[in-house]
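Engineer: sequence? don't have it. structure:
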């Protein structure tokens with residue numbers, strides 16, 4: 001392998017890592033918007049915008065179920081907090097030495113836990129509540145995509 005090929009390979013790898021970081025950032029912003037709306041609805045108790053007259057969709061059942069809170073704290077607030085933490089970690093990844101070395105694995109660990117919990121919430125919607133919330137499902141799709149990107153980022157960092 002020549003020096004030119006090695007330099008090109010390093011540049012390609014750096015570009016892929018940058019793209020994955022940008023995708024992570026975009027997904028985190030999308031997650032903040034969705035969980036922000038869900039948090040707003042819980043905080044102000046205004047009616048949620050939801051699909052009407054559709055079999056299976058019932059935002060009120062999902063939002064007011066026993067599973068919509070942990071203790072007295074709405075799950076939507078936890079979701080919003082997770083996205084804030086992830087966004088902070090991503091933005092500080094190149095500025096704090098600990099995060100420069102460990103940020104990708106920390107983000108992976110948080111997204112793994114959040115994704116597993118999101119899948120539990122999907123299970124509850126489909127099989128226990130038998131009611132779906134499009135906003136909740138949108139959050140769970142975003143978290144799934146974010147988890148996939150976190151896996152790809154971790155794989156890239158381990159092979160670099």
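Structural biologist: Right, received. Where do you want to start? If you're wondering where the values come from, they're calculated on a predicted model, not measured in any experiment. Numbers count the residues shown, from 1 in each chain.
Engineer: which one is residue 145 nearest to, not counting chain neighbours?
Structural biologist: Nearest residue to residue 145 in three dimensions, chain neighbours excluded: residue 27, at 5.5 Å (C-beta to C-beta, 6 or more residues apart in numbering). For every residue, glycine as well, the C-beta is placed using N, CA and C.
Engineer: got a pLDDT number for residue 53?
Structural biologist: For residue 53, the model assigns a pLDDT of 71.
Engineer: tell me the secondary structure of it, please.
Structural biologist: Using DSSP: H, G, I helix; E, B strand; the rest coil, the structure places residue 53 in coil.
Engineer: neighbours of it, how many?
Structural biologist: Applying other C-beta atoms under 10 Å, we find 5 residues neighbouring residue 53.
Engineer: backbone torsions only: list them for it.
Structural biologist: Main-chain dihedrals, residue 53, degrees, to the nearest 10: phi 50, psi 40.
Engineer: how near is it to residue 100?
Structural biologist: Distance of residue 53 to residue 100, given as C-beta to C-beta, to the nearest Å: 52 Å.
Engineer: what about residue 73, neighbour count?
Structural biologist: 11.
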